[in-house]
Each structure stands twice: as structure tokens, then as C-alpha cells.
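**Q** here is my input; please provide its structure:
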Amino acid sequence: MSNQVKVKFRRSAALAVAAGITVIGAVPLLAESAWFFPVLLVPLAATVWAWRAGTDVDARGFTVRALLASRTVPWTAVDGLVSDGRTVQARLANGHLVTLDAVRPEDLPRVVQASGRDLETDRPADNRADAEEPAEPARPTA
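**A** Numbering: from 1, shown residues only. Alright, predicted model coming up:
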């Protein structure tokens, strides 16, 4: 048995509850006519999407789940994680971007921890002069 950490990112459960209440509210329309059945499908689809959609992250990779499909990407295919302010995307080795649904920029430390890898940054190193020159050895005082 492995000590593999799996982190699940989901949207607020309030979305699923609100969509479920809308489904219940649309049911009486079916008593009037079966033609109202498509009206019931929209909140039902919203309920399933809110419950299912999100991102699962573990040491092998991540899985992005949508209403009807999911996509699993191994970490070996990922070049980096990109944040544009409100969303997080994975930049793949082939240049494509995959949006990590329900993952916010402040969740990046949890994503990195679940991946089991070190965080590498594309930011340039500090250009301080003392960072490039070795410090003089300390001299003992008499």
C-alpha cells in the first residue's frame, strides 16, 4: 500500500445544491405537459456538472473532469503550471494548455505537494552582486 496523496479540487457544493433545487422546482412543469421535459434537463445537467467537474491531482499526474468526459495527463507530459490571475493551466510539452478546473492560483502549493515533485520557476535569478561573488571566508579574531 502506497502513501500516495490524492488531492481533489471541486467547485462549491452550493452550486450542486442550487441546481438540484432548480430540478425539484421544474418537476411540477412535467405535470402540465411532457413538452416541458427539456426544461428539466438544463438544471439536471447543471447539477451533474457541479457535482462532477474538477481536477484530481496525485503523484502520477492529474485528471480534469467535465460533465461527460475526463482527461488524464501524466506529469511527464507537463512542462509547467501557468497562472493568469484567476485560473491555473498546465503547459504541456507539446505547447498546448490544459485548464485545471476548480484550481485557483492559491492552490498551487497543494498541487505541487500532491505531485511529489519540486517546484521549478521560470523567473530569472536575483541579479544581486553578492549572489554571484563568493563571500570572503571569516577570519578568526584574536
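
**Q** so which residues of the chain form strands?
**A** 7-10, 54-57, 61-65, 70-74, 78-83, 88-92, 97-99 (DSSP state E).

**Q** can you tell me which residues contact residue 105?
**A** 83, 85, 86, 88 (CB atoms under 8 Å, 6 or more residues apart in numbering). Every residue, glycine included, has its C-beta placed from N, CA and C.

**Q** and if you look at residue 90?
**A** Residue 90 neighbours (CB under 8 Å, 6+ apart): 62, 73, 78, 80, 81, 82, 97, 98, 100.

**Q** which ones are touching the last one?
**A** The one in question is residue 100. 9, 55, 62, 64, 81, 87, 88, 89, 90, 111.

**Q** quick one: it from residue 17, how far?
**A** Using CB to CB, to the nearest Å, residue 100 is found at 24 Å from residue 17.

**Q** now do the second one
**A** Between residue 73 and residue 17 the distance is 30 Å, computed by CB to CB.

**Q** what's the answer for residue 9, then?
**A** 18 Å.

**Q** between these two, tell me which one has more neighbours.
**A** Each of residue 9 and residue 17 has its neighbours counted (other CB atoms under 10 Å); residue 9 has more, 22 against 13.

**Q** in the protein, what residue spans correspond to helices?
**A** 13-32, 37-52, 108-115, 129-132 (DSSP state H).

**Q** just checking, residue 43 touches residue 29?
**A** No: here residue 43 does not reach residue 29: they are 11.1 Å apart, not a contact under CB atoms under 8 Å.

**Q** more neighbours: which of the two?
**A** Counted by other CB under 10 Å, residue 43 and residue 29 do not tie: residue 43 has more neighbours, with 18 against 14.

**Q** ok, the more buried one - contacts?
**A** Contacts of residue 43 by CB under 8 Å, 6+ apart are 19, 20, 22, 23, 25, 26.
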